[in-house]
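Peer 1: Give the three-dimensional model of this entry:
(one chain, ligands or ions: 1)
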Amino acid sequence: LRSAYDYDLIIIGAGVGGHGAALHARSKGLKTAVLTGGDAGGTCVNRGCVPSKALLAAAGKLRELKSVERLQAMGIAVQGQVAYDRQAVSNHANSLASRVRGNLVQSLRGLGVDVLDARGVLLEPQKVELRKPGEQTGDRRITARDVIIATGSVPAVPPGIQIDGKTVFTSDDALKLEWIPDWIAIIGSGYIGLEFSDVYTALGSEVTFIEAAPKLMPSFDVEISRLAERLLISPRPIDAYTGVFAAKVVPGMPGKTPVRIELVDAETRAPVEVLETDAALVATGRRPFTEGLGIEKLGVQLDRGFVPVDDRMQVLDQKGTPIEHLFCIGDANGKLMLAHAASAQGISVVENIAGNQSYFLRMECIPAACFTHPEISMVGLTEQQARDKAEREQFELGRAVGHFRANSKALAENHAEGIAKVLFRKDTGELLGMHIIGMHAADLIHEAANAMNAGVPIHKLAFSVHTHPTLSEICDEAFKAAAGMAAH
Ligand code: FAD
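Peer 2: Reported below is the predicted structural model:
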């Protein structure tokens, strides 16, 4: 039987979201096309997670080798100078990105997905025009029963900040590591700013954070951000302005003229100070990449550029009615701007369009991490959010902590700093959140994320057995303490 459409599914954008959706669609037997817009791999592979984690890995090794006292305590002496080659570190990040990009395209083609190197413009919910980058028209139109928008995001730069890509830049340019400034201002202390502070301080720069919120790391659990200040801000050449706004940033010339940063009070906008640094990294968030997609013509009103969707990622028109067969996943819908959230949303859409209407993605169980040294990770509610919920819904909130300092593996590694904190309902044992700071926190968080997703209550979790000696026993300590059991 011939279908009335060219494809079962067209995906616009081949970042992690589009890739995840396409692989899952093929496993369901759907005839699938992915449009790369000439940027296979998208942000995560080319300008985000992958190269930044390669830089952080190099920074971590460098930091470790320079931690003389930590190493001495283990009987190790590093002789001679610990040095790095900037170009080689940068090559490490770039070659990893191109390897991962190659694997991504190969995995799509290998499974029979049509990978089309064109930009997609929506003509109708089920009809897409293919255009070459920069062209205003296209000569090929394809149709599908369902269409997923997965066009991602780009750095958001506040007005007043001039980007020259050399002395004032976003993460896109910072990842190229073209030079190492002696002093760099990092505007914004979210996870991207924080990760770059880890890289730059390891490579020898001094960092000044400029944060509009009253404290650094405003979105983190308060206890964790306080510990983060102690573990990864205070011991390093980092200072910070909080409650101030970089109102105007004018580029300089590397090694010649400084960058000029005019700071104003975040509330009153009164001038505070003028800073002159060697460079400035603008890490003030990201905005959706939805321009030129043609979606407004389908009756959709974008929300600051984000595509409005319902819980099933179905696109909503201006009246709030879901548009049949049109979905949007990942950064472009702004629900949770993380790589694994994008691909999880892609999988959930494919489940639904392939007929599994009962599948529902639990967004609140998606973890997040900041890959600094030590790492920070989280899932679910912060302690303040959990307290507010407990007050609203009239239940008693439980809170229990596991300690890296009490863990044999962390002690053996001589990295025994940090905590794992679990939040739960005392009446039902339901897990509400977990927050970890310490070595390998980004991996450890899945202890709680999996339990939350599967609905395992704390008193059951406390009986699951952990290998000794592993860092996962820190979570075990917290779960056992939560269930009123003594950890050993
Ligand atoms: P993207 O990866 O942005 O892909 C969208 C693609 O669609 C792009 O290639 C774009 O060019 C293309 N496109 C746009 N318009 C069209 C069109 N009309 N036609 C065809 N193609 C189009 N997340 C994590 O989970 N972990 C991390 O460690 C992490 N680190 C990060 C570090 C940095 C420095 C940055 C900037 C981001 C990081 N992120 C991280 C966030 C992560 O990269 C994004 O959440 C993720 O890439 C979103 O995936 P996506 O598929 O929605 O969009």
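Peer 1: Enumerate every residue touching the closest residue to the ligand within the stretch 251-400 of the chain.
Peer 2: Nearest residue of the stretch 251-400 of the chain to the ligand: Gly330, at 2.2 Å (Cβ to the nearest ligand atom). Any C-beta I mention is one placed from the backbone N, CA and C, and that applies to glycine too. Gly330 sits next to 13, 15-18, 150, 152, 337, 341-343, 345-346 when contact means Cβ atoms under 8 Å, 6 or more residues apart in numbering.
Peer 1: Give me the subset of those that also touch the ligand.
Peer 2: The subset of those lying close to the ligand, counting by Cβ under 6 Å from any ligand atom, consists of Gly13, Gly15, Val16, Gly17, Gly18, Ala150, Gly152, Met337, Ala342.
Peer 1: Pick out the most distant pair among those residues.
Peer 2: Greatest spatial distance in the ones next to the ligand among the contacts of Gly330: Gly18 and Met337, 15.1 Å, computed using Cβ to Cβ.
Peer 1: Show me which helix or strand of the protein is least confident by mean pLDDT.
Peer 2: Ranked by mean pLDDT, DSSP states H and E, the helix or strand of the chain with the weakest confidence is helix 68-72, at a mean of 93.
Peer 1: picking up where we left off before, between the contacts of Gly330, which has the most around it?
Peer 2: Gly17 (35 neighbours; other Cβ atoms under 10 Å).
Peer 1: Surely that one is within a strand?
Peer 2: No. Counting by DSSP: H, G, I helix; E, B strand; the rest coil, Gly17 is not part of a strand but helix.
Peer 1: and whichever residue of the stretch 151-300 of the chain sits closest to the ligand, what does it touch?
Peer 2: Residue nearest to the ligand within the stretch 151-300 of the chain: Gly152 (2.1 Å; Cβ to the nearest ligand atom). By Cβ under 8 Å, 6+ apart, Gly152 lies in contact with Gly13, Gly15, Gly17, Gly42, Thr43, Pro288, Phe289, Gly330, Asp331, Ala332, Ala342.
Peer 1: Contacts made by the least confident helix or strand of the chain with the rest, please.
Peer 2: Glu64, Leu65, Ala77, Val78, Asn414, His415.
Peer 1: go with 10 Å
Peer 2: With Cβ atoms under 10 Å, 6 or more residues apart in numbering as the test, helix 68-72 has contacts from Arg63, Glu64, Leu65, Ile76, Ala77, Val78, Val82, Glu413, Asn414, His415.
Peer 1: filter those to the buried ones?
Peer 2: Arg63, Glu64, Asn414, His415 (16 or more other Cβ atoms under 10 Å).
Peer 1: what's the first-to-last distance across stretch 154-174?
Peer 2: In stretch 154-174, first residue to last residue: 14 Å (Cα to Cα, to the nearest Å).
Peer 1: phi, psi of the residue most central in space within the chain?
Peer 2: Centroid check for the chain by Cα atoms, centre = their mean gives Leu338 as the closest residue, at 4.0 Å. The phi/psi pair for Leu338 (degrees, to the nearest 10) reads phi -140, psi 150.
Peer 1: Can you name the residues of this structure that neighbour the ligand?
Peer 2: 12-18, 35-37, 39, 42-44, 47-49, 52-53, 119-120, 150-153, 171, 192, 289, 293, 330-332, 337-340, 342, 371.
Peer 1: Among those residues, which lie within strands?
Peer 2: Among the residues of the chain next to the ligand, DSSP state E puts Ile12, Leu35, Arg119, Gly120, Ser153 in strands.
Peer 1: Same list, those, but as JSON lines with pLDDT please.
Peer 2: Output for those, formatted as JSON lines (pLDDT from 0 to 100):
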{"residue": "Ile12", "pLDDT": "98"}
{"residue": "Leu35", "pLDDT": "98"}
{"residue": "Arg119", "pLDDT": "96"}
{"residue": "Gly120", "pLDDT": "97"}
{"residue": "Ser153", "pLDDT": "98"}
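Peer 1: What about these, which one has the most neighbours?
Peer 2: Gly120 (28 neighbours).
Peer 1: between the buried ones among the contacts of helix 68-72, which is closest to the ligand?
Peer 2: Looking across the buried ones among the contacts of helix 68-72 and measuring by Cβ to the nearest ligand atom, the closest to the ligand is Arg63, at 18.2 Å.
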